[in-house]
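Enquirer: structure for the following, please:
(chains A and B)
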There are 2 protein chains.
Amino acid sequence: MNPYSSSLNHPILKKSFEIIDQEMGDHNLNSLEYAIARRVIHATADFEFANLLRFSPDAIKNGMDGLGSQIPIVTDVTMVKQGITTLVNKTFNNPLISAIEQVSDALPGKTRTETGILKCFEQYPEAIYVIGNAPTALLALCQKIADLTIKPSLIIGVPVGFVSVVESKKILAKTNVSQIRVEGRKGGSPVASAIINALLILAYEK
Amino acid sequence: MNPYSSSLNHPILKKSFEIIDQEMGDHNLNSLEYAIARRVIHATADFEFANLLRFSPDAIKNGMDGLGSQIPIVTDVTMVKQGITTLVNKTFNNPLISAIEQVSDALPGKTRTETGILKCFEQYPEAIYVIGNAPTALLALCQKIADLTIKPSLIIGVPVGFVSVVESKKILAKTNVSQIRVEGRKGGSPVASAIINALLILAYEK
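Expert: Coordinates of the predicted model:
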């Protein structure tokens, strides 16, 4: 399907993508990776993300297959859930769970997001996990899955900030879980949402 | 009140602010402006915002006074509302309205967010308006208020992207409305939320 013929692509999005294509410098991304990077750049107006995104070899295929199979999507925080709700509802209607909403209190010594992610993993171990905010949630998830055979279909690891963020991404990188990461301190809810939204379009229009 | 003695400031936030203080280069921000810039940098891990933020002379005072007086806060999109709900509820409990949620359809030739903002302005002309996403909403608001005496208490104009974004901010800059802007293409929901959250803390702890 022509990606611009779809009601999923607003004219403003199309025009934005044209500008990004014109201004984009050299990169080493393949066409599917570029489709994701372009949507992240659209959401942030920050071309640096083209050089910060990392994809494990099977990540995009696993993400597209998982979304198309209507597996659940677990987000760390509600802003990420909010950012993908519209497109999920227009495409595969995956169950959409915000981890922080699943618990009213944090377990001792843990953050509330971390507590929520661990609870979600008990229920949906093979979901797609989207961490746009909380490095504690990403760390907890990586530790939990280390010795397990059942793993998430995909982890999108793009927390943002100055404390534990870089460390959490390094630990994710060392796992053998299918993953899309942003190296360094940058990331955030719009980046996380953009990655899922790009995967939804790729899966829906393939 | 010591800003770190409050339950509003998580230890991770405190540590992040220390790192930002250490790494921050030269800037021309006064102490209140810096408090806002620091929270934006915390939310984005992008120090460039220190040089992109613009404050009209009365913006921070008007924002603090308005928040403390429990005036409504109108956001363009729900992600921005989501990003400030927790802190609003812990401080002044301002009415919190997402413009896009106020309308089920767009008026002809307008976006849905634009339609929602215009509807909100009819009801709450003196609210604080927080535009983190939709330049169309910012443009519509600027045009609407041009000839009116009653104006918003503060406009936070930080849409992000490649189409109409820079233009909408230039038009905001030419109005005499109290405003906080990010120059250029950058901005977004976390930036918008961070500015309101910083203002809430400043107003609550003054």
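Enquirer: my read: residue A:29 touches residue A:50, true?
Expert: Yes: contact between residue A:29 and residue A:50 holds when scored by Cβ atoms under 8 Å: they sit 6.7 Å apart. Heads up, the C-betas are built off the backbone N, CA and C, glycines and all.
Enquirer: any common contacting residues for these two?
Expert: residue A:37 (Cβ atoms under 8 Å, 6 or more residues apart in numbering or on different chains).
Enquirer: show me which residues of stretch A:104-119 are buried.
Expert: Neighbour-count burial for stretch A:104-119, counted by 16 or more other Cβ atoms under 10 Å in any protein chain shown, picks out A:110-119.
Enquirer: same thing with stretch A:42-53?
Expert: A:42-46, A:49-50, A:52-53.
Enquirer: cool, stretch A:168-181 as well?
Expert: Result for stretch A:168-181 [16+ other Cβ under 10 Å]: buried residues A:168-169, A:171-172, A:175, A:177-181.
Enquirer: chain neighbours aside, what residue packs nearest to residue A:168?
Expert: Distance criterion Cβ to Cβ, 6 or more residues apart in numbering or on different chains; nearest residue to residue A:168, sequence neighbours excluded, is residue A:135 at 3.8 Å.
Enquirer: got it, and residue A:17?
Expert: residue A:38 (5.9 Å).
Enquirer: that neighbour: neighbouring residues, count only.
Expert: 20 (other Cβ atoms under 10 Å in any protein chain shown).
Enquirer: and it, its phi and psi?
Expert: phi -60, psi -40 (degrees, to the nearest 10).
Enquirer: and the pLDDT for it?
Expert: Note on residue A:38: pLDDT of 98.
Enquirer: ok, it - contacts?
Expert: A:17, A:20-21, A:24, A:198.
Enquirer: what ranges do the helices span in chain A?
Expert: A:11-23, A:31-44, A:49-52, A:59-68, A:78-90, A:112-123, A:135-145, A:165-174, A:189-205 (DSSP state H).
Enquirer: near chain B, which residues of chain A? Just list them.
Expert: A:12, A:15-16, A:19-20, A:42-46, A:78-79, A:82-83, A:160-165, A:184-190, A:193 (Cβ under 8 Å from any Cβ of the partner chain).
Enquirer: next, find the distance separating residue A:182 from residue B:188.
Expert: Residue A:182 is 15 Å from residue B:188, where distance means Cβ to Cβ, to the nearest Å.
Enquirer: what do you get for residue A:206?
Expert: 29 Å.
Enquirer: for these two, indicate the residue with more neighbours.
Expert: residue B:188 (28 against 9).
Enquirer: I'd guessed that one sits against residue A:44; true?
Expert: Yes: judged on Cβ under 8 Å, residue B:188 makes contact with residue A:44 at a distance of 6.5 Å.
Enquirer: need the pLDDT of residue A:147.
Expert: 83.
Enquirer: from residue A:115, how far out is the residue lying farthest from the centre of chain A?
Expert: In terms of distance from the mean C-alpha position of chain A, residue A:108 ranks first, at 27.6 Å (Cα atoms, centre = their mean). Note on residue A:108: its distance to residue A:115, by Cβ to Cβ, is 10 Å.
Enquirer: now swap in residue A:11 and tell me
Expert: 42 Å.
Enquirer: follow-up on the earlier one: who touches both of residue B:188 and residue A:44?
Expert: Going by Cβ under 8 Å, 6+ apart, residues that sit against residue B:188 and also against residue A:44 are A:190, B:160.
Enquirer: grab the nearest non-local neighbour of residue A:142.
Expert: Using Cβ to Cβ, 6+ apart, the closest residue to residue A:142 is residue A:171 (4.9 Å).
Enquirer: now the residue positioned nearest the centre of chain A. Nearest residue, chain neighbours left out?
Expert: Central residue of chain A (Cα atoms, centre = their mean): residue A:156, 3.6 Å from the mean position. Distance criterion Cβ to Cβ, 6+ apart; nearest residue to residue A:156, sequence neighbours excluded, is residue A:130 at 4.5 Å.
Enquirer: run through the bridge partners of the one you found.
Expert: residue A:75, residue A:156 (DSSP bridges).
Enquirer: what's the neighbour count on it?
Expert: With neighbours defined by other Cβ under 10 Å, the count for residue A:130 comes to 30.
Enquirer: residue A:74 is in contact with that one, correct?
Expert: Yes: between residue A:130 and residue A:74 there is a contact under Cβ under 8 Å: 6.9 Å.
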